[in-house]
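Novice: model this:
(one chain, ligands or ions: 2)
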Amino acid sequence: MKFDHSVKIAPSILSADFANFGAEIQAVEAQGADWIHVDVMDGHFVPNITFGPATCAAIRPHIKTVMDVHLMIAPVDPYIEAFAAAGADIITAHVEAGPHIHRTLQAIRATGAKAGLALNPGTPAEVAAPLLDMVDLICVMTVNPGFGGQKFIHSCVQKVTELREMIGDREVHIEIDGGVDQSTAPLVVAAGADVLVAGSAVFRGGSVSNPATYGDNIRAIRNAV
Ligand code: DX5
Ligand code: ZN
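Specialist: Ligands and ions are numbered 1, 2, ... in the order given. Here you go, the predicted model:
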């Protein structure tokens, strides 16, 4: 994976048809998705459950772009190998998920995957300062993780500005996750974000039999930034 500064749109399959992930992924990629965002939830770190490594392995052959796995699980460390073996290009863990985030990031990189650090809305940018040389991506949550379709929390935009400043010339992506649509995307891109996760704003109104709507939705976000 070569570092790319351009704005990338990463549809979250949390808003896709769970009975049809393969076709949904092919449809959004054909309609212009840059990455595929895969939300793993455990019903413990967050109040919702999605799926685990077996599903990730099953969908991997359908992803031609980048498999961006967002782990909303605690603990993380016992499962890193399994998600890497499932083919994740990027594995993102939450700083709030355990006491040893430094070890977690090391363990992710040791698998050959890129390491991502996610920050909940209540977590300040400063926690990332000692970790900047250990991460390939910082995921700024702009909703409290657990569900799609929530309202964007505007106070998180300032955190993006602070992180972009801290990152300096390092090759670290800033990803925004939660409530991204054509009205909020320009705010976070202006603040320095380059990866936009979007669940409901991409999948809304479309389906595998009506994929053109996915394309319209993706272009609406891209044209807004
Ligand atoms: C939230 C997930 C997000 C979610 C975003 O816990 O991490 O990736 O799918 O959904 P929207 O774009 O609908 O806010
Ligand atoms: Zn996510």
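Novice: which parts of this protein sit against ligand 2?
Specialist: Residues of the chain lying near ligand 2 by CB under 5 Å from the ion: 39, 70, 177. Bear in mind the C-beta positions are built from the backbone N, C-alpha and C, glycine included.
Novice: Return the residues of the protein in contact with ligand 1.
Specialist: The chain comes close to ligand 1 at residues 12, 14-15, 37, 39, 70, 143, 145-150, 177-180, 197-201, as judged by CB under 6 Å from any ligand atom.
Novice: at 5 Å what do you get?
Specialist: Proximity of the chain to ligand 1 is assessed by CB under 5 Å from any ligand atom, with 12, 14, 39, 145, 148-149, 177-179, 197-200 identified as the residues in range.
Novice: Which of those residues fall within strands?
Specialist: Secondary structure from DSSP state E places 39, 177, 197-198 of those in strands.
Novice: mind listing what the residue in the chain that ligand 2 sits nearest to touches?
Specialist: Nearest to ligand 2 in the chain, going by CB to the ion, is residue 70, at a distance of 3.7 Å. Contacts were defined as CB atoms under 8 Å, 6 or more residues apart in numbering; by that measure residue 70 touches 37-40, 92, 116, 118, 139, 177, 197.
Novice: Buried ones in stretch 133-150, by neighbour count?
Specialist: In terms of neighbour count (16 or more other CB atoms under 10 Å), stretch 133-150 has its buried residues at 134-143, 145-146, 148.
Novice: Can you give me the distance of residue 190 to residue 141?
Specialist: Between residue 190 and residue 141 the distance is 19 Å, computed by CB to CB, to the nearest Å.
Novice: Nearest to ligand 1: which residue in the protein?
Specialist: For the chain and ligand 1, the shortest gap (CB to the nearest ligand atom) falls at residue 199, measuring 3.0 Å.
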